[in-house]
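Engineer: Generate coordinates for the sequence data below:
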Amino acid sequence: MKLLASVIVVAVLAATAAAQELAEDQVNLVSARLAENARRSWEIGTRVQAILEHNATRYSVFSNSDLPPSANVPGDQQGPLTPVWSIARQVLSGLGGNDPAPLLPDSSVADPASVGIAMLLANWTNLDSNDDQYERAARNQYNYLFSDSVPKTGQGAISHRIEEAQLWSDSIFMIPPFLAYYGVITDNRTVVQQAYDQIKLYRDQLYDSNAGVWRHIAGGSRDTDPGYWATGNAWAAAGMLRVYATIDNSDFSGGMKNQKKDLKNWVEEIHQGVYERYFDGENLLRNYLNDPNTFYDTAATALLAATAYRASTVMDTHTYVRYAERSRLTLFTPNTGPYSNTNWTGFSNYEHFTTDGWLRPVVNPVSVGESMSSGGSPEAQAFVVMMHSAWRDWRWEGEKGKNAAIGSHAAVGLSSVLLAVSGAVLGAFLL
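Structural biologist: Okay, the predicted model is just below:
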């Protein structure tokens, strides 16, 4: 009898975990809010990354395909890449000249670089047969980062801000992935090395070994924030994973083993610090990780969970998948419990989504101490798409770490489901 009960418990847990996923129509609704509202440079760049990971998967650095990708866009990728091309054309329309310049006007040095992947892909695939205009735009963005117009620290770290040398953890998602991809596209290992170097310089200033996580901001006199911002740690882990995957799928992989080893360790130290020190029974992350008085932020929760799945598929590190699964189940389970969702096109009864598809509650991306209780953050929408895509790829690659995930305190309302199902089955058995 005990054996039967154990089998039931494991079966129900496994089935519940598999059941809590978003349907494609729900992901499309989330993506629609992102597309309608992404206006700032980093929101546009983050949208590009979400599209590549979820839709135009062959052109994602996480595709496990050789880089650079095919210059001839396959038929099944032309439709998915359409919004990326629309972004590239729109950005190009606002540019001109050969001088070093950001792709988009912004008080941040780093954020416009996040759009650089779209320009590099547009040039690589000869979008609109546009000679070298997309290449020139990407080159001007690259040259701008290393120009005298941009503040640097004494060690050479590129400032996140234009006013003074100041390092933000956010930058790791914006600048290094662009540099790594630029280097691979142009077959220039020196540029790829610059991506690694910038991460190392940032980590030297922002990682706090006592806290086990990254601080948000170091240096400068304006907008200082030495706190352990959850989204900042997620940005950093996600950026490092993109750089790792870019190197790993390129011809430079064999000659950059030490750099890849460092990147893997640095992602893992964020996962270890966040999940083992600051993750609690709510399965969500506090806006400031070590401050219980700050709100739970579903945006940071989603992006960090995405990095845990990616670490499994890209770095063969499965330790923290169980935490990602707990977060996913919490975010994606309807209020009425597992198996209760009957509307696969919307969010009619979800604690962490509005009916029109906004993730909630989320940090205000332009005022990081404030919560947006009803959602409204474009970057948060991108994080949902990234988490769903990373989880999908993790499932396709065999769900490594799944047993550990099942063994955790995984699902919201799971105990009631477990009691109901196991009770019914055991009751029938006894009869």
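Engineer: Find the helix or strand that K257 is a member of.
Structural biologist: helix 257-278 (DSSP states H and E).
Engineer: Format the CA atom coordinates belonging to that helix as PDB.
Structural biologist: The C-alpha coordinates for helix 257-278 follow below in PDB (Å, rounded to 0.1, in the frame of the first residue of the first chain):
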ATOM      1  CA  LYS A 257      37.800  27.200 -22.900                       C
ATOM      2  CA  ASN A 258      39.000  29.200 -20.000                       C
ATOM      3  CA  GLN A 259      36.700  32.100 -20.800                       C
ATOM      4  CA  LYS A 260      33.800  29.700 -21.100                       C
ATOM      5  CA  LYS A 261      34.700  28.100 -17.800                       C
ATOM      6  CA  ASP A 262      34.700  31.500 -16.100                       C
ATOM      7  CA  LEU A 263      31.300  32.400 -17.600                       C
ATOM      8  CA  LYS A 264      29.800  29.100 -16.500                       C
ATOM      9  CA  ASN A 265      31.100  29.600 -12.900                       C
ATOM     10  CA  TRP A 266      29.900  33.200 -12.800                       C
ATOM     11  CA  VAL A 267      26.400  32.200 -13.900                       C
ATOM     12  CA  GLU A 268      26.300  29.400 -11.300                       C
ATOM     13  CA  GLU A 269      27.500  31.700  -8.500                       C
ATOM     14  CA  ILE A 270      24.500  33.900  -9.200                       C
ATOM     15  CA  HIS A 271      22.100  30.900  -9.200                       C
ATOM     16  CA  GLN A 272      23.700  29.600  -6.000                       C
ATOM     17  CA  GLY A 273      23.600  33.000  -4.300                       C
ATOM     18  CA  VAL A 274      20.000  33.800  -5.200                       C
ATOM     19  CA  TYR A 275      18.300  30.500  -4.900                       C
ATOM     20  CA  GLU A 276      20.100  29.100  -1.900                       C
ATOM     21  CA  ARG A 277      20.100  32.300   0.100                       C
ATOM     22  CA  TYR A 278      17.100  34.400  -0.900                       C
END
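Engineer: So which other helices or strands are in contact with that helix?
Structural biologist: Under the contact definition 3 or more CB pairs under 8 Å, 6 or more residues apart in numbering; DSSP states H and E, helix 257-278 sits against helix 189-206, strand 213-214, helix 230-248, strand 285-286, helix 298-315. Every C-beta, even on glycine, is put in place using the N, C-alpha and C of the backbone.
Engineer: and Y350, how many neighbours does it have?
Structural biologist: For Y350, the count of nearby residues is 21 (other CB atoms under 10 Å).
Engineer: thought it was touching P334?
Structural biologist: Yes - counting by CB atoms under 8 Å, P334 is a contact partner of Y350 at 5.5 Å.
Engineer: How far does stretch 181-196 stretch from one end to the other?
Structural biologist: One end of stretch 181-196 to the other measures 12 Å (CA to CA, to the nearest Å).
Engineer: how near is the nearest residue to I247 once chain neighbours are set aside to L167?
Structural biologist: Distances taken as CB to CB, 6 or more residues apart in numbering place M256 nearest to I247, at 5.3 Å, with adjacent residues excluded. Separation of M256 from L167 (CB to CB, to the nearest Å) stands at 23 Å.
Engineer: Next: V61.
Structural biologist: Separation of V61 from L167 (CB to CB): 24 Å.
Engineer: What of W391?
Structural biologist: Using CB to CB, W391 is found at 31 Å from L167.
Engineer: what do you get for L179?
Structural biologist: Applying CB to CB, the value for L179 to L167 is 16 Å.
Engineer: same check, this time on R139
Structural biologist: Noted for R139: a distance of 25 Å to L167, by CB to CB.
Engineer: These two: which is more packed in?
Structural biologist: Neighbour totals were compared for R139 and L167, and L167 leads with 27 against 18 (other CB under 10 Å).
Engineer: can you pull the contacts of the nearest residue to the more buried one once chain neighbours are set aside?
Structural biologist: Using CB to CB, 6+ apart and skipping residues adjacent in sequence, the residue nearest L167 is A218, 4.7 Å away. A218 is in contact with 166-167, 205-206, 226, counting by CB atoms under 8 Å, 6 or more residues apart in numbering.
Engineer: Looks like P112 contacts P102 (just checking).
Structural biologist: Yes - contact criterion CB under 8 Å: P112 and P102 qualify, at 3.8 Å.
Engineer: between the two, what contacts are shared?
Structural biologist: Residues touching both P112 and P102 (CB under 8 Å, 6+ apart): 41, 141.
Engineer: of those two, who's got more company?
Structural biologist: Between P112 and P102, counting by other CB under 10 Å, P112 is the more crowded of the two (26 against 23).
Engineer: Could you give the average pLDDT over the helix or strand hosting R395?
Structural biologist: Using DSSP H and E, R395 maps to helix 378-396. What helix 378-396 shows for mean pLDDT is 98.
Engineer: who are the neighbours of it, in terms of helices and strands?
Structural biologist: Judged by 3+ CB pairs under 8 Å, 6+ apart, helix 378-396 is in contact with helix 24-37, helix 41-54, helix 298-315, helix 321-332.
Engineer: need those in CSV with mean pLDDT, mean neighbour count and distance to A230, can you?
Structural biologist: Listed next are the helices and strands packed on helix 378-396 as CSV, based on pLDDT from 0 to 100; neighbours: other CB atoms under 10 Å; distance: least, CB to CB, whole Å:
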stretch, mean pLDDT, mean neighbour count, distance to A230
helix 24-37, 97, 18, 20
helix 41-54, 98, 25, 16
helix 298-315, 98, 28, 4
helix 321-332, 97, 25, 12
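Engineer: and of the ones you listed, who's closest to W124?
Structural biologist: Taking CB to CB, helix 41-54 is the member of the helices and strands packed on helix 378-396 nearest to W124, at 13.1 Å.
Engineer: Would you mind identifying the next helix or strand past that closest one?
Structural biologist: Remark: after helix 41-54, the chain's next helix or strand is helix 75-93, criterion DSSP H and E.
Engineer: Give me the angle between the next helix-or-strand element following that next one and helix 41-54.
Structural biologist: Sequence order places helix 116-124 as the next helix or strand after helix 75-93, per DSSP H and E. On the basis of axes from the mean of the first three to the mean of the last three CA atoms, to 10 degrees, helix 116-124 is oriented at 60 degrees to helix 41-54.
Engineer: Sweet, I'm off.
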